[in-house]
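Chemist: Would you be able to build a 3D model of this:
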Amino acid sequence: MIRNFACFMILPIVAYGNPVLRKMCEEITPDYPALEKLIADMWETMYHSSGVGVAAPQVNKPIRLFVIDTIQVVEGFDDEDKRKYPNEKGIKQVFINAHKIEELGELWPYNEGCLSIPKVREDVERMERVRLRYVDEQFVEHEEEFDGVTARVILHEYDHIDGKLFIDYLPQIKKRLIKKKLDDISNGNVKTDYKMLFPK
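Modeler: Residues are numbered from 1 along each chain as shown. The predicted structure follows:
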């Protein structure tokens, strides 16, 4: 059956400084209000914002839900990326009530950004692989291992549902250097191509 979601909504992205981004998010059940619509709106919001993932707290919902699409990342690889990540596949997936079982492999750096922290990008070291237990949008349980860029995006979005941000991994000196940018974001002094919800 084809569902008609002609009424997709582009949701505002919560800006750095809003307390919802620091909450340990709650699990949900299949009867969570308007869950199917929320997931559809999150996809629409992510693509509109040119993101590769978005987590529920970024749209002001403190629940354990995030969506990612790394297929678009892999399709956009240049020649150097193709050499670096020759086996990268990419996925488009909804993750609900995710819990990390373990991280595996070596630490590797990658330049990360975040829709909630616009115009700030920094190299962050994360593990190569992650094993995750989660349910999909039909609440079917999965336990899977992910690697490469997909693992990176999953770990970034997973941090959001645990109240963490990518800047938490930066050394103190880097944090001091970006403090003014972060203050500007919290105060609404930043221009983006997408709508943002700033702290009051």
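Chemist: Give the next helix or strand downstream of the strand or helix carrying residue 133.
Modeler: For residue 133, the enclosing helix or strand under DSSP states H and E is strand 117-135. Per DSSP H and E, the first helix or strand lying C-terminal to strand 117-135 is strand 141-147.
Chemist: That next one pairs with which strands, and in what direction?
Modeler: strand 117-135 (antiparallel) (DSSP bridges).
Chemist: ok so, going back, can you list the buried residues in the strand holding residue 133?
Modeler: Across strand 117-135, burial judged by 16 or more other C-beta atoms under 10 Å covers 117, 118, 120, 122, 124, 126, 127, 129, 130, 132, 134, 135. No exception for glycine: its C-beta is placed from N, CA and C like everyone else's.
Chemist: ditto for stretch 97-109
Modeler: Those would be 97, 98, for stretch 97-109 by 16+ other C-beta under 10 Å.
Chemist: Could you export it as CSV, CA atoms only?
Modeler: Taking Å, rounded to 0.1, in the frame of the first residue of the first chain, the C-alpha atoms of stretch 97-109 are listed here in CSV:
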residue,chain,number,x,y,z
ASN,A,97,15.3,2.3,21.0
ALA,A,98,18.9,1.7,19.9
HIS,A,99,21.4,0.5,22.4
LYS,A,100,25.1,0.1,21.7
ILE,A,101,26.5,-3.4,22.5
GLU,A,102,30.1,-2.6,21.6
GLU,A,103,32.5,-0.6,19.6
LEU,A,104,35.3,-2.4,17.7
GLY,A,105,38.4,-1.8,15.7
GLU,A,106,40.8,1.2,15.7
LEU,A,107,40.1,4.9,16.2
TRP,A,108,40.1,6.9,13.0
PRO,A,109,39.6,10.6,12.4
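Chemist: How far off centre is that stretch?
Modeler: Distance of stretch 97-109 from the chain centroid (C-alpha atoms, centre = their mean, to the nearest Å) equals 15 Å.
Chemist: What are the contacting residues of it?
Modeler: 27-28, 64-66, 123-135, 143, 145, 147, 155, 158, 161 (C-beta atoms under 8 Å, 6 or more residues apart in numbering).
Chemist: pLDDT at residue 7, what is it?
Modeler: pLDDT, residue 7: 66.
Chemist: now swap in the one 10 residues further on and tell me
Modeler: Residue 17 carries a pLDDT value of 97.
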